[in-house]
Structures are given as C-alpha cells and as structure tokens.
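Colleague: Any chance you could fold what I've pasted below:
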Amino acid sequence: MTAFADQTCAALAKVSGCDLQVPLVQGGTTTYANFDYAASAPALQQVTDRVAELLPFYASVHRGAGYASRVSTDCYESARGSVSRFLNAADDQVVVFTRNTTDSLNLLASCVPGDTVVLDVEHHANFLPWTRNGRRVVPIADTIEETIQRVVAELCTKPAALLAVTGASNVTGELLPLERLAWIAHQCGTRILVDAAQLAPHRRIDLQTAGIDYLAFSGHKAYAPFGAGVLVGRRDWLDKAEPYLAGGGAVRSVTADGVEWASAPQRHEAGSPNVLGVAALAAACDALAGFDQTTVLEHEQYLTHRLRYGLKTVPGVNFLRIFRDSTDAVGIVAFTVDGFEPAQVAAYLSAEHGIGVRDGRFCAHPLLARLGVDSALRASIGLGSTAADVDRLIDAISTLVENGPTWNYARTEGHWNPVPETRPFNSGDSGAAPCGF
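Modeller: Predicted coordinates:
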C-alpha cells in the first residue's frame, strides 16, 4: 500500500457533500465527516453531472413519440448495458430495475421454484423474503471453512433451488468466497444468489467468472441517488414466474378475458419506471468501472487499517468479527465502546464533532445476537473518505473515553439527543437546513 503510505491520503473521487458544513451544539460549524457510506453513499460527481444533463429531457419512457420521451427511453434501456458490462453478465442474464436490493430479492423470491438455503447472518433483506417458498437456515460456525462445510452438508442432505448469500457483511464487511460457493451450489444442482449491496460499491464482480446466477444491489449504496436497484440473473425463472407487479408495461396485450405477459425484464417492471434513478445507477456503474481497481483497493485498505489501528489504542473499544479465519473485508468497521451505549456515542460524534456514523442492529438482528451485542457502532469508508476524516473519528472516540462528552445527553423516545439541542434542523429555525427537516 505504498501509494497511500503518507498521512495526507486524500479522497479518490469528488462526492456530493464533501465540503458540507454542519453545525455543532457548542457553536460554530465544521466540515462533515461521513462514515455512513454503508447505509447510503453520497453521489459521485459523474453521477450528478449525468442527472443534470438528463433532467431537461426527463419524460415518461416507452411508447412516447416526443423527442424528450425518446431520449428518456434510450437512456433507460441503455442503462441495462451499463449494468451488464459492470458485472460482466452472461448473455442469458437479464437486467431488471427495481426500487432497491430488498425489492430485488423479494422479486426473485417470487420466482424461485423451490427451497432457498440461507445463512443465519444475513441482512434482513436476504433473510426474510425466502420464507414464501421454503427457507432453510444454516447456522454459521466461527470459521468460514466450517461454515462452508455446513452449507455443503445442507445442500447434500436435501435438494434446494437456491443458495442465497451476502457478498460482504453489512455489519463487519467480511467477505465470503463467492466463486467457491457458486461451484459448490452448482455441484449440488443449486443456483446461487448474491446480495451485493455492500460488495458492489467496493469490489468489481464478474458474474461469468464467479459463476453467479443472480445478483442484486442498490444504487443508493453505490454512489447513485434517486432510489433505483437492480436484479441481474438468468432469464428462465424470471420468464416463467407471475409478474412481480401487474400493470402497464408488463404486458404484450390485454383483453377483457385475459392477458399475455411480456418476457423479462419488462415482465417485472410494471408502471412508470424511475428514469432518473436508473440513469444515476448506470452512471455510477460506468464511473466505478473507470476507476483503477488496485488504487481503489489500496485506498480503502489503507484507511480501514488506519482506523482499526487507531481505535485499537483506545481503551474499551471492542471490534465485532464474524469469522476467526476471514482475511478480507470491505471498508466497514463495527465496534462498541465500554461504558457507553452505541446510540449515545453516535449522538456525541454528530453533535460535538460533526461526524456521521451508524448505530443499532443494522437490519441484521440474528447476526448481532450471535455476536453477543444488542447494538453496535459502524464506521464505513468510501471513495470520498480521507485520512483526516479517519483521524478525526479516532480522536473523537479517544476524547470521549478519556474525558466524557462536554454536552449533556438524554434518551428521548428511544434516541439519544443533546440537551439542549442547539442545531437547526428545520428551515424555519435559521434557514440553515433545507427541506423543512
């Protein structure tokens, strides 16, 4: 990681909000330090530029003869090519646009013709939808190797239609060996689905090389706002299943007595689609594909190691980890601080230091229970993160442990809040915050 060996490690890309000034409870403002990329990543400049370019032509897609409608339709349909190239999808894999990863996984769950095997550490989006066709849960072991053997035993004991796994944990960032799991699944006559919500923004995924049958991810975690997700996968299940939504755009013809449904992807995209969201997602895929992957990986690993090393020196900081033998993870660090509730720490970081982290159970309740904590803190890193941001977070946690907060905090309706709260959140207070919240 020699390219990032010095303390001036800067952002790799310009993202929206990189110079955002936020108020502090003690007075004054500071530049926002964003460590919540794993929840929603800020938009890349290339994405905001593309959306701004498209906005004057924004119109309803498909079947419109007007010039703006033709432009919007071409943008929407060409976005499938951007996603397909980004993932190196096979010829028989189609790109279906959805609302988000959760929507994509629920869509696929409605198409699976049989049982689905999952691990007990999945995000709820990849845990809850599979109950409709028979969900079989494999409890993880404390190593990846033993966990894989449990998956093998489950698939060999009884046939399953699908193995659904996460590409990278949304709690700890740890990666599973997807190519190996895909080979195992196929040997057992099972297809594999990868929840790539956390993986796609950090690592390039080659569907053909890895042997992945289905993959889902969200634009909002991949530097693309406006709410669009995608499901990419083999056509046959998608063509045979009932449409995910019944409505216009999903049909070839309709009579009073019946309907002829379209093939995928249109079969599952009824209604007026989210053109700007899809355009943003495609622009993000094109932008991410253009980055040098070695540089991206070195940047992320340098900052993640710097954060871990710095927090490790702070008394009472405990890291969360799923597997003893995991050797790779994306830029996510989950931890607790002795003597403080995670929500209390998050409130302190925001109010007194202008730092944004995530706290809670991260929509992964079974995993948090397995790790023996009720909640935790999560700091996640992205293309706009810098060494200065990391050092600010480490210093803020160290100050909290050594001296405690300088402001008073109280739990109100289940949330920790500074008392008094001096920061404006409503545009009517001082005009400092937009959108009336």
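Colleague: Which strand or helix spans the nearest residue to residue 285 once chain neighbours are set aside?
Modeller: Among residues not flanking residue 285 along the chain, residue 86 sits closest, at 3.8 Å (Cβ to Cβ, 6 or more residues apart in numbering). Glycine gets a C-beta too; all of them are placed from N, C-alpha and C. Taking DSSP states H and E as the criterion, residue 86 maps to helix 67-87.
Colleague: List the contacts of the residue nearest to residue 285.
Modeller: Residue 86 sits next to 285-286, 288-289 when contact means Cβ atoms under 8 Å, 6 or more residues apart in numbering.
Colleague: how distant is stretch 399-412 from the center of its chain?
Modeller: The chain centre lies 30 Å from the centre of stretch 399-412; the measure is Cα atoms, centre = their mean, to the nearest Å.
Colleague: make that stretch 285-292, sorry
Modeller: Computed by Cα atoms, centre = their mean, the chain-centroid distance of stretch 285-292 equals 17 Å.
Colleague: Could you pull out the buried residues of that stretch?
Modeller: Neighbour counts over stretch 285-292 (16 or more other Cβ atoms under 10 Å) mark 285-288, 291 as buried.
Colleague: now swap in stretch 228-246 and tell me
Modeller: Here stretch 228-246 shows 228-235, 237-239, 241, 243-244 as buried, counting by 16+ other Cβ under 10 Å.
Colleague: try stretch 390-410
Modeller: For stretch 390-410, the neighbour count (16+ other Cβ under 10 Å) marks 390, 392-394, 396-401, 405, 407, 409 as buried.
Colleague: could you redo those residues as CSV and give each row secondary structure and distance to residue 333?
Modeller: Below are the buried residues of stretch 390-410 laid out as CSV (DSSP: H, G, I helix; E, B strand; the rest coil; distance: Cβ to Cβ, whole Å):
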residue, secondary structure, distance to residue 333
390, helix, 10
392, helix, 14
393, helix, 9
394, helix, 11
396, helix, 14
397, helix, 11
398, helix, 15
399, helix, 18
400, helix, 16
401, helix, 16
405, coil, 21
407, coil, 25
409, strand, 23
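Colleague: wait, which of these is closest to residue 26?
Modeller: Residue 26 lies nearest to residue 407 out of the buried residues of stretch 390-410, by Cβ to Cβ, at 6.7 Å.
Colleague: circling back: how much space between the residue nearest to residue 285 and residue 216?
Modeller: 14 Å (Cβ to Cβ, to the nearest Å).
Colleague: Of the buried residues of stretch 285-292, which belong to helices?
Modeller: In this view, the buried residues of stretch 285-292 that belong to helices under DSSP state H are 285-288.
Colleague: per-residue pLDDT, the nearest residue to residue 173 once chain neighbours are set aside?
Modeller: Of all residues beyond its chain neighbours, the one nearest residue 173 is residue 332 (3.2 Å), with distances taken as Cβ to Cβ, 6+ apart. We have a pLDDT of 98 for residue 332.
Colleague: now residue 426
Modeller: pLDDT for residue 426: 71.
Colleague: before we move on, back to that, which pair in the buried residues of stretch 390-410 has the greatest spatial separation?
Modeller: By the measure Cβ to Cβ, 390 and 409 form the most distant pair in the buried residues of stretch 390-410, at 24.3 Å.
Colleague: can you tell me the average pLDDT over the helix holding residue 86?
Modeller: The pLDDT scores in helix 67-87 average 97.
Colleague: Now do the buried residues in that helix.
Modeller: Residues 69, 71-73, 75-76, 79-80, 82-84, 86-87 are the ones in helix 67-87 that count as buried (16+ other Cβ under 10 Å).
Colleague: could I get these as JSON lines with distance to residue 274?
Modeller: Formatted as JSON lines, those follow (distance: Cβ to Cβ, whole Å):
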{"residue": "69", "distance to residue 274": "15"}
{"residue": "71", "distance to residue 274": "16"}
{"residue": "72", "distance to residue 274": "11"}
{"residue": "73", "distance to residue 274": "14"}
{"residue": "75", "distance to residue 274": "12"}
{"residue": "76", "distance to residue 274": "9"}
{"residue": "79", "distance to residue 274": "11"}
{"residue": "80", "distance to residue 274": "14"}
{"residue": "82", "distance to residue 274": "15"}
{"residue": "83", "distance to residue 274": "14"}
{"residue": "84", "distance to residue 274": "18"}
{"residue": "86", "distance to residue 274": "18"}
{"residue": "87", "distance to residue 274": "20"}
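Colleague: Make a markdown table from the buried residues of stretch 228-246 and add distance to residue 118, pLDDT and secondary structure to it.
Modeller: Shown next, in a markdown table, are the buried residues of stretch 228-246 (distance: Cβ to Cβ, whole Å; pLDDT from 0 to 100; DSSP: H, G, I helix; E, B strand; the rest coil):
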| residue | distance to residue 118 | pLDDT | secondary structure |
| --- | --- | --- | --- |
| 228 | 25 | 97 | coil |
| 229 | 19 | 98 | strand |
| 230 | 21 | 98 | strand |
| 231 | 17 | 98 | strand |
| 232 | 19 | 98 | strand |
| 233 | 17 | 98 | strand |
| 234 | 19 | 98 | strand |
| 235 | 23 | 97 | helix |
| 237 | 17 | 98 | helix |
| 238 | 20 | 98 | helix |
| 239 | 24 | 97 | helix |
| 241 | 20 | 96 | coil |
| 243 | 25 | 95 | coil |
| 244 | 20 | 95 | coil |
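Colleague: which among those residues gets closest to residue 380?
Modeller: Looking across the buried residues of stretch 228-246 and measuring by Cβ to Cβ, the closest to residue 380 is residue 229, at 18.7 Å.
Colleague: Go ahead and confirm that closest one touches residue 105.
Modeller: No. Using Cβ atoms under 8 Å, residue 229 is not in contact with residue 105; the gap is 9.3 Å.
Colleague: Common neighbours of these two, please.
Modeller: By the contact definition Cβ under 8 Å, 6+ apart, residue 229 and residue 105 are jointly contacted by residue 216.
Colleague: Between the buried residues of stretch 285-292, which sits nearest residue 322?
Modeller: Of those, the one sitting nearest to residue 322 (Cβ to Cβ) turns out to be residue 288, at 25.9 Å.
Colleague: From residue 199, how far out is the closest one?
Modeller: Counting by Cβ to Cβ, the gap from residue 288 to residue 199 is 12 Å.
Colleague: Then residue 146?
Modeller: Separation of residue 146 from residue 199 (Cβ to Cβ) stands at 22 Å.
Colleague: where does the protein have low pLDDT?
Modeller: 1-8, 427-437 (pLDDT under 70).
Colleague: 80 - rerun?
Modeller: Where the chain drops to pLDDT under 80, the residues are 1-8, 426-437.
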